[in-house]
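K.L.:
Sequence first, predicted coordinates after that:
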Amino acid sequence: MRESSGSATRFGAIALLLATAGLLAFWLTQSHPNDAGGGITAQAFAAGLETMVAAGDTGRRIDGTPVVHPKQGDIYVRAVRWAFYPALELDPGQSYRLYLMSEDGVHSAVVAGREVMLLPGQVQMLTLRAPQDGHVPIQCGEYCGLGHSKMIGSIEVAPGH
């Protein structure tokens, strides 16, 4: 009797292992949107960034980076050694979905005290409410090379808009 009980236990363990392997193989072959980025692809991010910069360019520059005043809603910021692009000018008290993506290496964005890891080509999203005045700090929190300490972006609040 013991031998059949042991065989049943081994058979059950093998069946469970095969079922788990099958489910894992199926899951790995499926497409998985980046939930943290709201399902936005790198191509959609690039298009959104280009559109936002063209529509909201104020004509001003900070160290050669355009200052953009986007409409409420989706805003895009690219991390690239050793800068965040573009500089943003937001309306006070408004809510935004901030999409972030690294172009060239591993960075992280610390935005108003919240940190998200940025890997090349992967979009991350944060919800951001602009304060009534001042600025929202954004900086890289992951050592990314010699210019890391200067990787600080500009998100200012524009009163009167």
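P.N.:
Nice, I can see it. Numbers count the residues shown, from 1 in each chain.
K.L.:
Packing partners of the host helix or strand of residue 46?
P.N.:
Element membership of residue 46 [criterion: DSSP states H and E] is helix 42-56. Using 3 or more C-beta pairs under 8 Å, 6 or more residues apart in numbering; DSSP states H and E as the contact test, the elements touching helix 42-56 are strand 65-68, strand 73-80, strand 95-102, strand 123-129. Heads up, the C-betas are built off the backbone N, CA and C, glycines and all.
K.L.:
for that helix, the distance to its chain's centre please.
P.N.:
Offset of helix 42-56 from its chain centre (C-alpha atoms, centre = their mean, to the nearest Å): 15 Å.
K.L.:
Using PDB, write out every CA atom in it.
P.N.:
Output of helix 42-56 as PDB, limited to C-alpha atoms (Å, rounded to 0.1, in the frame of the first residue of the first chain):
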ATOM      1  CA  ALA A  42       8.400  54.000 -26.400                       C
ATOM      2  CA  GLN A  43       7.100  55.100 -29.800                       C
ATOM      3  CA  ALA A  44       4.000  56.600 -28.400                       C
ATOM      4  CA  PHE A  45       6.100  58.400 -25.700                       C
ATOM      5  CA  ALA A  46       8.400  59.800 -28.400                       C
ATOM      6  CA  ALA A  47       5.400  61.100 -30.400                       C
ATOM      7  CA  GLY A  48       3.800  62.600 -27.300                       C
ATOM      8  CA  LEU A  49       7.000  64.300 -26.300                       C
ATOM      9  CA  GLU A  50       7.500  65.800 -29.800                       C
ATOM     10  CA  THR A  51       3.900  67.000 -30.000                       C
ATOM     11  CA  MET A  52       4.000  68.500 -26.500                       C
ATOM     12  CA  VAL A  53       7.200  70.400 -27.100                       C
ATOM     13  CA  ALA A  54       6.000  71.700 -30.500                       C
ATOM     14  CA  ALA A  55       2.600  72.800 -29.100                       C
ATOM     15  CA  GLY A  56       3.800  74.300 -25.800                       C
END
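K.L.:
In contact with residue 44, which residues?
P.N.:
Shown in contact with residue 44 (C-beta atoms under 8 Å, 6 or more residues apart in numbering): residue 123.
K.L.:
now it: how far from residue 124?
P.N.:
As judged by C-beta to C-beta, to the nearest Å, residue 44 and residue 124 stand 14 Å apart.
K.L.:
where in the chain is pLDDT low?
P.N.:
Along the chain, the model assigns pLDDT under 70 to residues 1-5, 21-38, 160-161.
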